[in-house]
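> below are the sequence and a predicted model for it; my questions follow.
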Amino acid sequence: MESKAMTVTYNANVYASADEVDQEDVYVNSAVPTVEKHKPTSDKKRPFIIPDAVRPFLPLAVCWVILLIILFLRIHFTSVISAKLNHNLQEVISLNEHWKQDRDDLNVQIYNMREAQSSLGDNFRNLKDENDQLKRKIQKLSAEKQSMSEEVQQLKAEKQSMSEEVQRLKAEKQSMSEEVQRLKAENQRLNKTYEYTTAIPTVTMWNTTSDITVHNSSISWMWTSHYRRRRQIEPCQRGWLQFKSSCYVTSNHDSLDQKTWEGARDDCRGRNSELVVIESPEEQDFVYSSLIRLGASDYWTGLRVKSGSWNWVDGRNLTDHYWIQPPADNEGCVISVRGTSGWKAVSCDIKNSWICEQGALSG
């Protein structure tokens, strides 16, 4: 059995009248002549007739269909819009996450920049402090440069003074050389006098009462008389240096001949003198420049501790002093230091050279 295709044509704007419905009913219920059934052709279709029982529900059905269509469309568009909104929401969430990440990165950068700013501030303060220190160092170096310039000028003046001193010493050397030549000539003359005197065996003198014979074998008397006469002419002995009213001489510079303070004093006493007593700055300068500066060692002076105080060998107390460093308690004798115009207290038992002093004879 073949199924017939049913076509339903509905137009909401077209409605059939009651007479037409009755006519169609008569037409349908009328006797149908027997005819041979033929297959409907494909190009002619029988219209679909809506039953009367269904027609009252047709508008309601149409409304339901429309409502279902609207509901379907709503659900469809709601799902589409929801999917779109979900997609947009996911994009917004993703963008929000990116923005949060960017915000965190910016916060980290801001923190790092603040740290860098703080570090730059510290560096700036450190550089400012270093700048101030460099300024102070520059000022200090400028002052030192000024001081060194003054020292250079002072050294130049000292060099000039030393040059003059060298010239003076050369002149003294020349004078001493001339004195040596004169003494050699005088020595030759005295030798000739001695030879002439020893060639005469005796000197005979006559007196009204007796003959007196004088022997010339005692030549020492002649030499003693000669040096007495010479000592009366010159204020200091040969080899001694004069300064004002005193004569000075230094010991041998050989280290084997050095003595303790007591030994040095005994040697000076054997020369009819005493260890040097310095009474003024001028005498200190003379002793240093003429006797000590060119020497080979330090020299004993006549200053020592006696009864807890510093005294000179002539009994006078110490007034002016030229200490290089303050004396210690266990150092009881004083030396004049070679190379510096000053004194130093040392033990009296060590050995040094020494300076003797005696009064000069007046003319």
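Now that the structure is in, tell me what you want to look at. Residues are numbered from 1 along each chain as shown.
> now the most centrally placed residue in the chain: which helix or strand?
The structure's the chain has its C-alpha centroid closest to Lys137; by Cα atoms, centre = their mean the separation is 10.0 Å. Element membership of Lys137, judged by DSSP states H and E, is helix 58-199.
> elements contacting that helix?
Applying 3 or more Cβ pairs under 8 Å, 6 or more residues apart in numbering; DSSP states H and E, one finds that helix 58-199 contacts helix 220-233. Quick note: C-beta positions are derived from backbone N, CA and C, even for glycine.
> who's in contact with the closest residue to Lys351 other than its chain neighbours?
Of all residues not flanking Lys351 in the chain, Gln258 sits nearest, at 4.0 Å (Cβ to Cβ, 6 or more residues apart in numbering). Residues near Gln258 by Cβ atoms under 8 Å, 6 or more residues apart in numbering: Ser251, Ser297, Lys351, Asn352, Ser353.
> please identify which of these is nearest to Met162.
Taking Cβ to Cβ as the measure, Met162 lies nearest Ser297 of the contacts of Gln258, at 21.5 Å.
> so that closest one touches Trp354, yeah?
No: Ser297 is beyond contact range of Trp354, at 9.9 Å (criterion: Cβ atoms under 8 Å).
> ok, Ser297 - how many residues close by?
Using other Cβ atoms under 10 Å, Ser297 has 18 neighbouring residues.
> from Ala264, how far out is it?
For Ser297, the distance to Ala264 equals 12 Å [Cβ to Cβ, to the nearest Å].
> give me the common contacts of the two.
Common contacts of Ser297 and Ala264 (Cβ under 8 Å, 6+ apart): Asn352, Ser353.
> if we can go back for a sec, with distance to Cys63 as added columns, please give the contacts of Gln258 in CSV.
Below are the contacts of Gln258 laid out as CSV (distance: Cβ to Cβ, whole Å):
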residue, distance to Cys63
Ser251, 153
Ser297, 144
Lys351, 147
Asn352, 145
Ser353, 148
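> okay, now the unreliable bits of this protein?
By pLDDT under 70, the weakly predicted segments of the chain are 1-48, 188-233, 253-255, 363.
> compare the contacts of Gln258 and tell me which is most surrounded.
If you rank the contacts of Gln258 by neighbour count (other Cβ under 10 Å), Ser353 sits at the top with 25 neighbours.
> buried sites along the one helix or strand that one maps to?
Here Ser353 sits within strand 353-359, counting by DSSP H and E. By 16 or more other Cβ atoms under 10 Å, the buried positions in strand 353-359 come out as Ser353, Trp354, Ile355, Cys356, Glu357, Gln358.
> which strands or helices does that strand pack on?
Here strand 353-359 touches strand 246-250, helix 261-270, strand 274-275, strand 299-306, going by 3+ Cβ pairs under 8 Å, 6+ apart.
> out of those, the one nearest Leu127 is which?
With Cβ to Cβ as the criterion, Leu127 lies closest to strand 299-306 of the helices and strands packed on strand 353-359, at 59.0 Å.
> what's the local residue count around Tyr299?
So Tyr299, with other Cβ under 10 Å, has 25 neighbours.
> I'd say it and Cys333 touch.
No: under the criterion of Cβ under 8 Å, Tyr299 is not in contact with Cys333, lying 11.5 Å apart.
> what about Ala345, which SS state?
Three-state assignment for Ala345 (DSSP: H, G, I helix; E, B strand; the rest coil): strand.
> wait, it touches Glu331, no?
Yes: counting by Cβ under 8 Å, Ala345 touches Glu331, with 3.8 Å between them.
> who's more crowded, those two?
Relative neighbour count places Ala345 above the other of Ala345 and Glu331, with 22 against 16, counting by other Cβ under 10 Å.
> beta-bridge partners for that one, please?
Using DSSP bridges, the bridge partners assigned to Ala345 are Val334.
> measure it to Val180 for me?
39 Å.
> do Lys351 as well
On the measure of Cβ to Cβ, Lys351 and Val180 end up 31 Å apart.
> likewise for Val152?
40 Å.
> got the domain ranges for this protein?
Following automatic domain parsing, one finds the domains of the chain at 148-233, 236-359.
> for the helix holding Lys137, the distance to its chain's centre please.
Distance of helix 58-199 from the chain centroid (Cα atoms, centre = their mean, to the nearest Å) equals 13 Å.
> equivalent analysis for stretch 323-338, please.
In this view, stretch 323-338 has its centroid 37 Å away from the chain centroid, taken as Cα atoms, centre = their mean.
> for that stretch, measure first residue to last.
13 Å (Cα to Cα, to the nearest Å).
> quick one: buried residues of that stretch?
Along stretch 323-338, these residues count as buried under the neighbour rule (16+ other Cβ under 10 Å): Pro327, Glu331, Gly332, Cys333, Val334, Ile335, Ser336, Val337, Arg338.
> the fourth one is in contact with Trp343, isn't it?
No: distance between Cys333 and Trp343: 10.4 Å, which falls outside the contact criterion (Cβ under 8 Å).
> overlap in contacts of these two?
Counting by Cβ under 8 Å, 6+ apart, the common neighbours of Cys333 and Trp343 are Leu303.
> circling back: closest one to Leu58 among the helices and strands packed on strand 353-359?
Using Cβ to Cβ, the nearest of the helices and strands packed on strand 353-359 to Leu58 is strand 299-306, at 152.6 Å.
> can you name the next helix or strand after that closest one?
strand 309-312.
> what's the spacing between the closest residue to Gly332 other than its chain neighbours and Val346?
Distances taken as Cβ to Cβ, 6+ apart put Val305 closest to Gly332, at 4.2 Å, once the chain neighbours are dropped. From Val305 across to Val346, the span is 12 Å (Cβ to Cβ).
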